[in-house]
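1. Whatever this is, show me its structure:
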Amino acid sequence: MFAFFLQANAQSIINITTSGGSYTSEKWVSITDGVDGTGTQIWGQGNGTQCDGAGLINENISLPAGTYYVNCYDKYDDSWDGTLISVTAYGSVIGDNGGVSPDDGEDTDASYLCEGTPEELEASFMIVVPVAPCVAPTVTFTVIEDCALGFTVDIDVTDMGDATSYDVQESGASVGTITATGVTNVGPFTNDNAIDLTLVHNVSTLCNLEETGLVNSACPATNDECANAIDLDS
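-> Residues are numbered from 1 along each chain as shown. Next up, the predicted model:
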């Protein structure tokens with residue numbers, strides 16, 4: 001049984017997406033309340049330590065409305081090599097480094113390793129996070145394992161937000177309806193496949209809530225019977 005917890009707490013939700021370019025594993029992003037990575041770090045890729053979890057991302061982040069700075073680091077301090085960044089909130093772009101790949105025009109880092117230094121900062125730009133136009137729910141997703149029939153998912157809603165109902169969708173198809181707090185079970189789903197579930201907000205789809213990559217990881221591999229063993233030498 002695996003649980004995935006999402007909580008909005010009436011905060012705003014932004015999305016950071018980095019895409020394209022070369023040497024994408026070198027890129028790392030943080031959000032601070034001061035320019036150029038100063039002040040308090042509000043969020044960072046991975047565990048929040050510079051370079052941890054580096055790489056391209058498409059990630060939703062919850063934080064209070066206000067002014068912040070998005071900081072773009074490069075492990076080699078030699079630009080983002082054409083990689084772009086876009087920060088959106090409720091369908092609008094709130095920051096994208098002017099639409100160009102981050103590059104401070106300097107290459108003063110003598111090491112190919114990530115030292116977590118200010119020299120590795122390629123760009124820092126301001127975003128203004130708006131007040132949320134609606135309130136998303138507070139939800140825990142729990143995978144219920146069943147290797148025989150296929151796994152199901154318990155959706156435990158402890159706060160409905162400002163919606164009166166949610167249509168639960170998997171790949172655009174409705175698999176359930178939520179009209180009150182409590183646990184709703186949906187499924188079964190094929191054990192071999194990871195699924196994405198979306199709770200569609202009935203007031204504004206801007207406050208839909210999505211959980212991706214739900215999968216039953218506890219089942220044995222297929223074709224593990226001796227009678228049907230796979231010949232690895234063939």
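
2. List the contacts of the nearest residue to Phe151 once chain neighbours are set aside.
-> In this structure, Phe151 finds its nearest non-sequential neighbour in Asn216, 3.7 Å apart by C-beta to C-beta, 6 or more residues apart in numbering. (Glycine included, C-beta is placed from N, CA and C.) Asn216 sits next to 143, 145-147, 150-151, 189, 191 when contact means C-beta atoms under 8 Å, 6 or more residues apart in numbering.

3. which secondary structure element contains Asn216?
-> For Asn216, there is no enclosing helix or strand under DSSP states H and E.

4. Can you give me the distance of the residue positioned nearest the centre of the chain to Asn216?
-> A centroid search over the chain (C-alpha atoms, centre = their mean) returns Glu59, at 2.9 Å, as the residue closest to the centre. Separation of Glu59 from Asn216 (C-beta to C-beta, to the nearest Å): 24 Å.

5. Just confirm Asp36 is within a helix.
-> Yes: according to DSSP: H, G, I helix; E, B strand; the rest coil, Asp36 belongs to a helix.

6. gap between it and Asp104?
-> Going from Asp36 to Asp104 by C-beta to C-beta gives 10 Å.

7. got any residues that touch both of these two?
-> Leu121.

8. quick one, which of these two is more surrounded?
-> Neighbours were counted for Asp36 and for Asp104 using other C-beta atoms under 10 Å; Asp104 has more, 17 against 13.

9. Tell me who's in contact with the more buried one.
-> 79, 121-123.

10. mind redoing it with 10 Å?
-> Contacts here follow C-beta atoms under 10 Å, 6 or more residues apart in numbering; on that basis Asp104 touches 36, 72, 74, 77, 79, 119-124.

11. most surrounded residue in those?
-> Highest neighbour count within the contacts of Asp104: Asp74, with 27 neighbours (other C-beta under 10 Å).

12. For that residue, list the residues it contacts.
-> 23, 26-28, 51, 54, 80-81, 83, 102-104, 107, 109, 114, 119-123.

13. if I look at the nearest residue to His201 once chain neighbours are set aside, how far off is Ala54?
-> Once flanking residues are discounted, His201 sits nearest to Cys207: 4.3 Å by C-beta to C-beta, 6+ apart. Cys207 sits 30 Å away from Ala54, going by C-beta to C-beta.

14. Between the two, which has more neighbouring residues?
-> Using other C-beta under 10 Å as the criterion, Cys207 and Ala54 rank with Cys207 on top: 23 against 19.

15. Check Met160 and give its pLDDT.
-> Met160 is assigned a pLDDT of 93 by the prediction.

16. nope, Ile230 is what I was after
-> 59.

17. that older thread, would you mind confirming that the residue nearest to His201 makes contact with Ala132?
-> Yes: using C-beta atoms under 10 Å as the test, Cys207 is close enough to Ala132 to be in contact (6.9 Å).
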